[in-house]
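Take a look and give me a structure for this.
(chains A and B)
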Amino acid sequence: DTAVSQTPKYLVTQMGNDKSIKCEQNLGHDTMYWYKQDSKKFLKIMFSYNNKELIINETVPNRFSPKSPDKAHLNLHINSLELGDSAVYFCASSRGQGAVETQYFGPGTRLLVL
Amino acid sequence: GDSVTQMEGPVTLSEEAFLTINCTYTATGYPSLFWYVQYPGEGLQLLLKATKADDKGSNKGFEATYRKETTSFHLEKGSVQVSDSAVYFCAWASTGGGNKLTFGTGTQLKVEL
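Next up, the predicted model:
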């Protein structure tokens, strides 16, 4: 039933570790995104993929590497985690890349780096 | 640069009060405009959208009109309920931008009995 799902929901880890967050959508959409929401609730796009091809890559440290094995999945791998990476990470999907397309968001992954 | 400016919160209202949350944007071209809502502990949900000038988006009693002349997309509701308590985000996406959403900082709304 869930349209956009993310795992895990919560992630607590130590500085310097490597972790992955998974995202899956069952809406048949072509485009998927990763957003970061900081402690002040400010949301900023990190990446987008369309049909497994990278479209948007904002100024994100290269410790963050997205991977899209198929168009229903977009995973986010983070190397050498830092305190400043603590945030809520949201995955989203849309039917296409057009500006009129609605993005559907997952429930978020709350990452805490200690 | 391209941005969205929203009124700062928190906004606290009594049930059945009138709500306005102001939003203005700076963008090139003719962006699509959105209001998303985030309930506590949840992801964002689309509340309404407008894709061209003078369009009015509406949903669940909320309305917003795309005003190109004032680059605004203010959110209104005639009578709020306790269940409307959430954070509201104004956003825009431009054509040719890969559907990248640029968000405002969010406005927290608290509705009390």
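
Pairing-wise in the sheet, spell out the partners of B:Glu63.
B:Ser58, B:Glu76 (DSSP bridges).

wait, doesn't it sit right on B:Gly57?
Yes - counting by C-beta atoms under 8 Å, B:Glu63 touches B:Gly57, with 7.0 Å between them. Bear in mind the C-beta positions are built from the backbone N, C-alpha and C, glycine included.

For these two, work out which one has more neighbours and name it.
For the pair B:Glu63 and B:Gly57, the greater number of neighbours falls to B:Gly57 (21 against 17), based on other C-beta atoms under 10 Å in any protein chain shown.

Find me the pLDDT at the more buried one, would you?
If you check B:Gly57, the pLDDT there is 96.

quick one: the closest residue to it other than its chain neighbours from chain A, how far?
Distances taken as C-beta to C-beta, 6 or more residues apart in numbering or on different chains place B:Leu48 nearest to B:Gly57, at 3.4 Å, with adjacent residues excluded. Relative to chain A, B:Leu48 is positioned 10 Å away (C-beta to the nearest C-beta, to the nearest Å).

List the residues that contact residue 12.
Picked chain A for this. Counting by C-beta atoms under 8 Å, 6 or more residues apart in numbering or on different chains, A:Val12 makes contact with A:Leu111, A:Leu112, A:Leu114.

my bad, chain B
B:Leu109, B:Lys110, B:Val111, B:Glu112 are the contacts of B:Thr12 under C-beta under 8 Å, 6+ apart.

Confirm for me that A:Asp57 is in contact with A:Phe47.
Quick fix: residue A:57 is Asn, not Asp. Yes - counting by C-beta under 8 Å, A:Asn57 touches A:Phe47, with 5.8 Å between them.

quick one: which of those two has more around it?
The neighbour count for A:Asn57 versus A:Phe47, taken as other C-beta under 10 Å, is higher for A:Phe47 (20 against 15).

any idea of the pLDDT on B:Gly97?
For B:Gly97, the pLDDT comes out at 65.

quick one on the thing from earlier: intersect the contacts of A:Val12 with the contacts of chain B.
Among those, proximity to chain B is found for none (C-beta under 8 Å from any C-beta of the partner chain).

Most neighbours out of these, which is it?
Among these, the one with the most neighbours (other C-beta under 10 Å) is A:Leu111, at 21 neighbours.

So which of the contacts of A:Val12 are in strands?
Among the contacts of A:Val12, the ones falling in strands (DSSP state E) are A:Leu111, A:Leu112.

now stretch A:11-28: mean pLDDT?
Here the average pLDDT along stretch A:11-28 is 97.

Export the lowest-mean-pLDDT helix or strand in chain A to CSV, keeping only CA atoms.
Here the helix or strand of chain A ranked lowest by mean pLDDT, DSSP states H and E is strand A:53-57, holding a mean of 88. Presented in CSV, the C-alpha positions along strand A:53-57 are these (Å, rounded to 0.1, in the frame of the first residue of the first chain):
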residue,chain,number,x,y,z
GLU,A,53,20.1,8.6,-14.7
LEU,A,54,21.5,11.3,-12.5
ILE,A,55,19.8,14.6,-13.2
ILE,A,56,20.4,16.9,-10.3
ASN,A,57,23.5,16.8,-8.1
